[in-house]
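could you look at this predicted model? Sequence included:
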Amino acid sequence: MGLLAVGLPLLSVNALHHTTDDLQSAEHPFELPRRDFVVVNLDCIQQGVGGDDSWGAWPHPQYLVPCQETSYSFRLRPFDRRENPAQLARQRLP
């Protein structure tokens, strides 16, 4: 029925009907093409968007992602209708 993604320890996730290229090339939401698939992004962290002064400001220092080598882990696990994904996400790995 589904696919569970669990960060080890955390994970930033989004699922959209648009590709990254779609989002970067459209100037307005109505210009986004309709897609019949879902793009899932599993990221280590997301940086804040800033915009304190109407779009020109960078995010505050505590919301910046440092430019450094990093790594992260996550677990993917299929599940069926009989399983509770919230409970599965809390299980310890063997």
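Here it is on my side, so go on.

please make it C-alpha for all contacts and neighbour counts, starting now.
Noted.

residues touching M1, list them.
By CA atoms under 8 Å, 6 or more residues apart in numbering, the contact set of M1 is P78, F79, D80, R81.

oops, could you answer that again for V39 instead?
So V39 contacts A15, L16, H17, H18, T19 (CA under 8 Å, 6+ apart).

same question, R35
Contacts of R35 by CA under 8 Å, 6+ apart are H17, H18.

please identify the helix or strand for it.
Using DSSP states H and E, R35 falls within no helix or strand.

for Q91, see how far away it is.
Per CA to CA, to the nearest Å, R35 is found 34 Å from Q91.

do R81 as well
Taking CA to CA, one finds R81 at 17 Å from Q91.

so what's D22 closest to, chain neighbours aside?
Leaving aside its sequence neighbours, D22 sits nearest to L32 (CA to CA, 6 or more residues apart in numbering; 6.2 Å).

tell me how many other residues crowd that neighbour.
Number of residues near L32 (other CA atoms under 10 Å) recorded here: 17.

need the contact list for it.
H18, D22, L23, A26 are the contacts of L32 under CA under 8 Å, 6+ apart.

which non-adjacent residue is nearest L64?
Q47 (5.4 Å).

and stretch 23-33, how far apart are its ends?
Across stretch 23-33, first to last residue, CA to CA, it's 9 Å.

measure Y63 to D36 for me?
34 Å.

with neighbour numbers in mind, choose between the two.
Neighbour count, other CA under 10 Å: between Y63 and D36, Y63 has more, with 13 against 7.

my guess is that one meets G48, correct?
Yes. Y63 lies in contact with G48 (CA atoms under 8 Å); the separation is 5.3 Å.

so of the contacts of V39, which ones are in helices?
Here DSSP state H is the test, and those give no hits in helices at all.

neighbours of G56, just the number please.
9.

what kind of secondary structure is it in?
coil (DSSP: H, G, I helix; E, B strand; the rest coil).
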